[in-house]
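Peer 1: Just the structure for this:
(chains A and B)
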2 protein chains.
Amino acid sequence: MSAPRWLTQAEQQAWRAHLTVHKLLMHRLDRELHAFGLSINDYEILVNLSESPDHRMRMSDLADATIQSRSRLSHQISRMEAKGLVTREECADDRRGTFAVLTDDGWDAIKEVAPHHVSAVREHFVDRLSTDQLTEMQRAYAPIVEHLKSLRS
Amino acid sequence: MSAPRWLTQAEQQAWRAHLTVHKLLMHRLDRELHAFGLSINDYEILVNLSESPDHRMRMSDLADATIQSRSRLSHQISRMEAKGLVTREECADDRRGTFAVLTDDGWDAIKEVAPHHVSAVREHFVDRLSTDQLTEMQRAYAPIVEHLKSLRS
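Peer 2: Next up is the predicted model:
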């Protein structure tokens, strides 16, 4: 390949800030969710199911929505089944496979935890950014999200 | 707790853009590293060791630097030992434990892969942001990084 264009110092600082803020934030949010017996990965699944019609999603759609492999999602769902938060259901007249379904306990859990989680997201991230910074972030990231999504399809 | 302050639409969009861009990006960079037999987690360890004196770090420092638990890092290092990229070394006169050390093969791997990885980071992220956007990102994130680091110590 041609000579590498190494990142400039400013580029490197921004790139590392992005990586570091994300890691520290996920670590912190995960830790605060542990008080409720949930992980950040559990929480993401609960949000997706709770926002879906009938609180259920096809496993393949849930894997796409949470940007992970089917096999990794399957392990995640097994752990959440053991906690009683979700169940798997086969769909008799749909050969495209299994659904993940929120249980009543899962629905209770997300309703209890969501206010605490949103408060943590504010405390550690959103409320530390101005309205302009949030708008700029959305503007900067939206085309990158589109680009990366187009590579997946 | 008091009534939850749910995120506004603009806040929600920015927050979800941050989460989504990060996930899609890590997924893409990981996939491109697979062509070289590495994962994004392997790459991060190789970078940390290659930038350290004598290409070695105490396991506890490496866990801090990569923001993960000792047990998770230990599994990661075992997988990398099996690939011949790193070794573990006990330090006889230092009871604070084990070091992870880059092997010659690990050093060759990072030198080979780094130009491709930086090119991918440019293609999928850095070159899609203006100099102003990168500066603003660094400015927005730096105090959040400081806040979250202070919670860890």
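Peer 1: quick one: A:V21 and B:E146 touch, right?
Peer 2: No. Contact criterion C-beta atoms under 8 Å: A:V21 and B:E146 do not qualify, at 10.1 Å. Just so you know, the C-beta spots here come from the backbone N, C-alpha and C atoms, and that holds for glycine as well.
Peer 1: Now for A:E123: which residues touch it?
Peer 2: Applying C-beta atoms under 8 Å, 6 or more residues apart in numbering or on different chains to A:E123 gives no contacts.
Peer 1: A:V21 and B:E146 - which one has more neighbours?
Peer 2: A direct count of neighbours by other C-beta atoms under 10 Å in any protein chain shown for A:V21 and B:E146 places A:V21 higher, at 23 against 10.
Peer 1: Ignoring the adjacent residues along the chain, who's closest to the more buried one?
Peer 2: Among residues not flanking A:V21 along the chain, B:Y141 sits closest, at 4.5 Å (C-beta to C-beta, 6 or more residues apart in numbering or on different chains).
Peer 1: separation between the one you found and A:K111?
Peer 2: 32 Å (C-beta to C-beta, to the nearest Å).
Peer 1: So between the two, which is more surrounded?
Peer 2: When B:Y141 and A:K111 are compared for neighbours, B:Y141 comes out ahead with 27 against 11, by other C-beta under 10 Å.
Peer 1: wouldn't the more buried one be in contact with A:L19 here?
Peer 2: No. In this structure B:Y141 lies outside contact range of A:L19 using C-beta under 8 Å: 9.8 Å.
Peer 1: Where does the prediction get shaky in chain A?
Peer 2: The model of chain A has pLDDT under 70 over residues A:1, A:94-96.
Peer 1: At which residues are the helices of it located?
Peer 2: Along chain A, the stretches classed as helices by DSSP state H are A:9-34, A:40-50, A:59-65, A:70-82, A:104-124, A:131-152.
Peer 1: For the shortest one, buried residues please.
Peer 2: Of the residues in helix A:59-65, A:M59, A:D61, A:L62, A:A63, A:D64, A:A65 count as buried by neighbour count, 16 or more other C-beta atoms under 10 Å in any protein chain shown.
Peer 1: Over to the second one?
Peer 2: Neighbour counts using 16+ other C-beta under 10 Å place A:I40, A:N41, A:D42, A:Y43, A:E44, A:I45, A:L46, A:V47, A:N48, A:L49 of helix A:40-50 among the buried residues.
Peer 1: ok, which of those residues also contact chain B?
Peer 2: For chain B, no contacts are drawn from the buried residues of helix A:40-50 by C-beta under 8 Å from any C-beta of the partner chain.
Peer 1: So for A:T135, what's the nearest residue that isn't a sequence neighbour?
Peer 2: Nearest residue to A:T135, sequence neighbours excluded (C-beta to C-beta, 6+ apart): B:A10, at 6.5 Å.
Peer 1: Just to check, that neighbour is in contact with A:R139?
Peer 2: No. With contact defined as C-beta under 8 Å, B:A10 does not reach A:R139; the gap is 11.0 Å.
Peer 1: List the contacts of the residue nearest in space to the middle of chain A.
Peer 2: Central residue of chain A (C-alpha atoms, centre = their mean): A:E44, 4.4 Å from the mean position. A:E44 sits next to A:T66 when contact means C-beta under 8 Å, 6+ apart.
Peer 1: quick check, nearest of the buried residues of helix A:59-65 to B:G97?
Peer 2: A:A63 (38.4 Å; C-beta to C-beta).
Peer 1: so the closest one makes contact with A:H75?
Peer 2: No. Taking contacts as C-beta under 8 Å, A:A63 lies outside contact range of A:H75: 11.6 Å.
Peer 1: what residues are shared contacts of those two?
Peer 2: Counting by C-beta under 8 Å, 6+ apart, nothing touches both A:A63 and A:H75.
Peer 1: how close does the closest residue to A:V47 other than its chain neighbours get to chain B?
Peer 2: Leaving aside its chain neighbours, A:V47 sits nearest to A:I110 (6.8 Å; criterion: C-beta to C-beta, 6+ apart). A:I110 is 13 Å from chain B, where distance means C-beta to the nearest C-beta, to the nearest Å.
Peer 1: Quick one: residues contacting A:I110.
Peer 2: A:Y43, A:L46, A:V47, A:S50, A:L102.
Peer 1: With A:F36 instead?
Peer 2: Applying C-beta under 8 Å, 6+ apart to A:F36 gives the contacts A:A109, A:E112, A:V113, A:H116.
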